[in-house]
Structure formats: C-alpha cells, structure tokens
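> Quick one, fold the following:
(chains A, B, C and D)
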2 protein chains.
Amino acid sequence: MSLFNADSNPKNPKTLKGLQSEVKSINRVAISVDCVIFGFDENKLKVLLIRSDLKKYQNKFSLLGDLVKPEEDLDASAYRILKQRTGLNDLYLEQVHTFGEVGRHPSGRVISVAYCSLINVQHHRLKILENELHWHEVNTVTELLFDHKKIFDKCYAWLQKRVQKHPLGFSLLPNKFSLRELQNLYEAILNIKLDRRNFRKKFFAMNFLVDIGEDEQNVPHRPGKLYKFDYEKYEKNKKTWSGIDF
Amino acid sequence: MSLFNADSNPKNPKTLKGLQSEVKSINRVAISVDCVIFGFDENKLKVLLIRSDLKKYQNKFSLLGDLVKPEEDLDASAYRILKQRTGLNDLYLEQVHTFGEVGRHPSGRVISVAYCSLINVQHHRLKILENELHWHEVNTVTELLFDHKKIFDKCYAWLQKRVQKHPLGFSLLPNKFSLRELQNLYEAILNIKLDRRNFRKKFFAMNFLVDIGEDEQNVPHRPGKLYKFDYEKYEKNKKTWSGIDF
DNA sequence: ACATAATGTGTGTAATTTACACGATTATAG
DNA sequence: CTATAATCGTGTAAATTACACACATTATGT
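Down below sits the predicted model:
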C-alpha cells in the first residue's frame, strides 16, 4: 500500500517520493484553531467572543482563533491562543471537533479544529477590557462570524453532555466554592432545575468534595461552607463502566 | 478584530486581503482522513487494515486513509474512502478526533482527521480479497504505520464509550439478529462478560427491539428469535438527561 | 430416548433515585 | 431588639432500577 492509499492498487503503488511532492504541492489547505471558551459569572454560563472590526462582517462576533503555525502542534496552538487572550496557563482544554466544509471560510480552504476551554472568570478579569473581548451569555448567542455559531453549538452540546460524566465543570469555579455555587453552575450549563437536597447528597456521595473548614464571606444570608474538588482522588476512583443505556 | 485574531490589536487590524494571502501562502499543510473501520465476525471485534508495500515501512499495516481533495468536505472524503474500499454507501460514520502533531508524518506536515465506521462484515465480504485489506482482531493490533496505532487506540476507546450510550453497535450486525448475537457483540467490544438474563431484560425494557417473528436458522441448538432495531423509535424517545455521575 | 446446549421467563434483594419538610443561622429593615 | 427574608443543613419514606440467581423449554446430535 501507499501512505495514502484509497487509490492504491497492488500493481501500481505510490512511491514515498511521489507522495511527498503530492503533500507539498497539491492538496494543501490552511488550518486554524478556534476556541470556545466558557466562563461562569453572575450565575450565568458565558462564552468569550471577540468583535469583528471588518465592515464587511458587520461587527459580528466570532470565536477566538488563529492559524496554526507551521511547526506548532494543534494542542499547542490552542494553548497559545488561550494564553494570549487570558494570560492564563494550565487551563482546561479539550479538542471537540474539526470543521472542514469547503465553503466555510471566505479566504479559501481553511480547516478549523475546535477546542473547548473552561476558565474561571475571576482569574483573568483584567485582560478583558484591553481588547474587543466580551463575555456573552450562551443563551443570547445568535449569529456569529462564518460558521462559528455551528462550532459554538457543537461545543455547547458537548459541554452539556461532558459535564454530566466528567468533573470538568469545576474549572469554571474558584478553587473554593459553596455547594450552592456548584449547583447554580450545573443548572446554568444544563438549563434545568435540580433539587437542592438530592444534589447535595449526590456530590457528597461521590466523595470528591473536601470541606476546607471555611465559610462564604459577604453573602447577604447565612454563609455556606466552602469546598474544594479533590482531583487526585477522582482520578484514582473514576468509573470505567457506567452501563448500557440509551 | 481580524479573521484570525490571536495577534489582533485594535490599533492594527489585519485586513481581509492580507489574511487571504496568508492563507494562500504561508501556513499551509496537507490534510488527510483516516478511517477506523470496525467489523464483527466470529464473535470477535475486528478492524480493517491495509498492508503497506513500502519496504521502508516493513510491511506494517495501516488504517485506510487518503488526502482530502481540494474541493471535498471532510465527511465526503471519509465516505469516499469507505465507498472505494467496501463498495458500501450509507455506512455509520462519525468523526472522532484530529491528529496534527508536527512530526507525525514523514512527508511533511499532514493533519489527519480520524473517522470511525462500523460495518456489517457480511455485506462486503467480496471486496476484501482484491486488495491488501485484512480484518484484524482488535486485541492483536500492535504496531501500525506512523501514529496509526494511536489513532486506532483513540477510536477503539471512543467506541467502547459510545456503544454504551448510543445504539451504533447495531451497524455491526445483520438487520436481523438474535439477542445472543447482540450480547456477543457487546461482550466483544467491551471485553467483559454480561449476565444473559439481565442483558435481555435491559434491551427489552428499552423497547427498541422488534420481534420480527422469525427464528434463527442452522444453529446447532434451540434457535433464538430474531429481532431488528427500530431506529425511528429510538430517535423519538432517546434520553436527553442521564444524570450527573462520575 | 437421552444427553447436551442454548433459549426464554420470574422473583427476591440490594442499591439508587426521587420527592418532600422543618429547624437553624445570618443579614436587613424598621 | 424584633420581625422578616433568605439560605443552610439535614432525614426519611416511597419508587425505581440494578443485580444475582433458578428453572422449565426447545432444539440438536447420537
């Protein structure tokens, strides 16, 4: 077979050299990374967007993205974009889907790999105002640049599924959080109401929340206890089998 | 902002024209699609591989893939590869992950979008022998070309998760199948043993299996009833909320 | 006819999920 | 300092679901 083999034929194999020139000359496209960055603030799930300043694009908002550099891994590219925009390292980041429709981008063939990131809004509030960045409530996101709405929709649906089976949601909260905050977060992401007592029971039963012995401050009501998420314990005990169910 | 905006600066926005030349000249890479095609035969989960005939690559096996054509959508490219190899249309196909490490391919920068497909081995048995194609038991897959083992591993792990929450597994079976066959399939994919009675109860409770009133033929024991999967009913009734649990 | 092998169904128990109510604590307004 | 409003923190009974397990049935092969 050949390296790219859908046309291969045992009697007429491609050579490595031939392939190299094919790779270098013919089927070349640009590749970009777009980041769907979620945040949680004022009990709302938000997404970080940037305003287009091109008249041609009517001041639409778009996701944060950039072309992948020639010597840059895809993940590295996503981290670079996040770093440039938020100043933060060590963000939660995961690849979600790749969008490569022929007509998706006006500048030619551009394939975009979508990444999701979850960040704690408190930690980078400073950087926002310098740019044309803006936190949008996810429910009010309508039209975005190019196919970015489609990308956003995919990532939001991904988040709603993912957050039920994986504790990535904690990345949206401060290190110390109350159970009420955690529940508000889940209610905002999933867009549902949950029973407070059962929510509490469920998370305590998981045994990944650590009571750090502090209380909420400056709340206009009885303060709740603060917890942190024990990620190591989670990693050790996480489920592998959740059962057939659809 | 600009179309690619990680370097954008309100005082110095990129122009659309500038971007177009950037897309056309600088950051260009080749893009390919690799398909991980699963089959189920003799109660084993198999994956369809093709043998490399390049000496340089020591007769390693590789996934089925090809470069994406300039005017071809990613999904279309994956369908084309499947069609060329199996002669089948309408296969189950889903994008899983994109692999873009800088050094992953010897011919230069090649980004590969991995797709998973599930096919019914009966339906295309004819085409296999013409090529260097081979069904490998998934448990015996060791070294593959380039990073294809990594791609395969990702797709297999994806399948194991996915099959628990989505009825894609039926694509591996004939239209009519017995419950025993279905259970064998799940046991092969998940590499576990399941209780026959509970398995049966679970699937009947879902109410997506239709008794077609026929029995197995040519089995050396009491024939089981044959069923088909009612995909429409599934689509109407599928769950949206499966609960927080990790 | 008998041994063998798989099918098809039922039942008790444990575990999990759900629904639901009340007293305690804190801040605020008067 | 008292009343009010809000949230915290907890327990229990009912319903549902998951699991372990046993036995009678139907076919095959000899």
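> Specify the helix with the largest residue count in chain A.
helix A:148-165 (DSSP state H).
> how about it, does it get close to DNA strand C?
No. Contact of helix A:148-165 with DNA strand C (CB under 7 Å from any atom of the strand) is absent, the minimum separation being 11.1 Å. Glycine gets a C-beta too; all of them are placed from N, C-alpha and C.
> who are the neighbours in contact with the residue nearest to the spatial centre of chain A?
Closest residue to the average C-alpha location of chain A: A:Cys116 at 1.4 Å, with CA atoms, centre = their mean. Taking CB atoms under 8 Å, 6 or more residues apart in numbering or on different chains as the contact definition, A:Cys116 lies against A:35-38, A:93-94, A:96, A:155, A:158-159.
> Looking at those residues, spot the one nearest B:Arg200.
A:Trp158 (33.0 Å; CB to CB).
> Could you check how far the spatially closest residue to the closest one that is not a sequence neighbour is from B:Pro106?
Distance criterion CB to CB, 6 or more residues apart in numbering or on different chains; nearest residue to A:Trp158, sequence neighbours excluded, is A:Val96 at 5.1 Å. As for A:Val96, its distance to B:Pro106 is 28 Å (criterion: CB to CB, to the nearest Å).
> One more: A:Ala76?
For A:Ala76 relative to B:Pro106 (CB to CB), the value is 20 Å.
> and A:His97, what are its bridge partners?
Beta-bridge pairing of A:His97 under DSSP bridges involves A:Ala114.
> got the contact list for it?
A:113-114, A:151, A:154-155, A:158, B:95.
> want to throw the residues you listed into a markdown table with neighbour count and pLDDT?
Converted to a markdown table, these look like this (neighbours: other CB atoms under 10 Å in any protein chain shown; pLDDT from 0 to 100):
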| residue | neighbour count | pLDDT |
| --- | --- | --- |
| A:Val113 | 27 | 98 |
| A:Ala114 | 26 | 98 |
| A:Ile151 | 26 | 98 |
| A:Lys154 | 17 | 98 |
| A:Cys155 | 25 | 98 |
| A:Trp158 | 16 | 98 |
| B:Gln95 | 17 | 98 |
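> closest to B:Asn89 among those?
B:Gln95 (17.9 Å).
> near DNA strand C, which residues of chain A?
Counting by CB under 7 Å from any atom of the strand, the residues of chain A that sit close to DNA strand C are A:195-198, A:201-202, A:205, A:219-223.
> can we see that at 6 Å?
A:195, A:197-198, A:201, A:220-223 (CB under 6 Å from any atom of the strand).
> so how far is the helix or strand containing A:Ile81 off the chain centroid?
Assessed by DSSP states H and E, A:Ile81 sits inside helix A:74-86. Put simply, helix A:74-86 sits 12 Å off its chain's centre (CA atoms, centre = their mean, to the nearest Å).
> Dump that helix to CSV, restricted to CA.
The C-alpha coordinates for helix A:74-86 follow below in CSV (Å, rounded to 0.1, in the frame of the first residue of the first chain):
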residue,chain,number,x,y,z
LEU,A,74,-2.6,21.6,17.3
ASP,A,75,-2.9,21.5,21.1
ALA,A,76,0.0,23.9,21.4
SER,A,77,-1.8,26.3,19.1
ALA,A,78,-4.9,26.2,21.2
TYR,A,79,-2.9,26.8,24.4
ARG,A,80,-1.1,29.7,22.7
ILE,A,81,-4.4,31.3,21.8
LEU,A,82,-5.7,30.9,25.3
LYS,A,83,-2.5,32.2,26.8
GLN,A,84,-2.5,35.3,24.5
ARG,A,85,-6.1,36.1,25.4
THR,A,86,-6.4,35.3,29.0
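> Can you give me the buried ones in that helix?
A:74-82, A:84-86 (16 or more other CB atoms under 10 Å in any protein chain shown).
> swap in stretch A:216-235?
A:216, A:226-230, A:234.
> Surely A:Glu94 touches A:Tyr115?
Yes. Using CB atoms under 8 Å, A:Glu94 is in contact with A:Tyr115, at 6.7 Å.
> ok, those two, which is more surrounded?
When neighbours are counted by other CB atoms under 10 Å in any protein chain shown, A:Glu94 and A:Tyr115 differ, and A:Tyr115 comes out ahead with 27 against 17.
> Could I get the pLDDT score of that one?
At A:Tyr115, the predicted lDDT confidence score is 98.
> if I pick it, what's in contact with it?
Contacts of A:Tyr115 by CB under 8 Å, 6+ apart are A:33-36, A:78, A:93-96.
> Tell me the one of those residues nearest chain B?
Comparing those against chain B with CB to the nearest CB places A:Gln95 closest, at 6.5 Å.
> Pretty sure that closest one sits against A:Asp75.
Yes. In this structure A:Gln95 lies within contact range of A:Asp75 using CB under 8 Å: 7.3 Å.
> right, and the helix or strand after the lowest-mean-pLDDT helix or strand in chain A?
Within chain A, confidence by mean pLDDT, DSSP states H and E is lowest for helix A:16-25 among all helices and strands, at a mean of 54. Next along the chain after helix A:16-25, taking DSSP H and E as the criterion, comes strand A:28-41.
> Could I get the CA-only coordinates of that next one as CSV?
Taking C-alpha atoms only, strand A:28-41 is exported to CSV below (Å, rounded to 0.1, in the frame of the first residue of the first chain):
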residue,chain,number,x,y,z
ARG,A,28,-2.7,22.0,0.7
VAL,A,29,-5.1,23.8,2.9
ALA,A,30,-4.8,26.2,5.8
ILE,A,31,-5.5,25.0,9.3
SER,A,32,-6.8,27.0,12.1
VAL,A,33,-7.8,26.5,15.7
ASP,A,34,-11.0,28.1,17.2
CYS,A,35,-11.5,28.1,20.9
VAL,A,36,-14.9,28.1,22.6
ILE,A,37,-14.1,29.5,26.0
PHE,A,38,-16.7,29.1,28.6
GLY,A,39,-16.9,31.1,31.8
PHE,A,40,-19.4,31.3,34.7
ASP,A,41,-20.4,34.6,36.2
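> Where does chain A get nearest to DNA strand C, residue-wise?
For chain A and DNA strand C, the shortest gap (CB to the nearest atom of the strand) falls at A:Arg222, measuring 3.1 Å.
> List the residues that contact the residue nearest to A:Asp73 when sequence neighbours are not counted.
Leaving aside its sequence neighbours, A:Asp73 sits nearest to B:Glu101 (CB to CB, 6+ apart; 5.2 Å). By CB under 8 Å, 6+ apart, B:Glu101 lies in contact with A:73-74, B:147.
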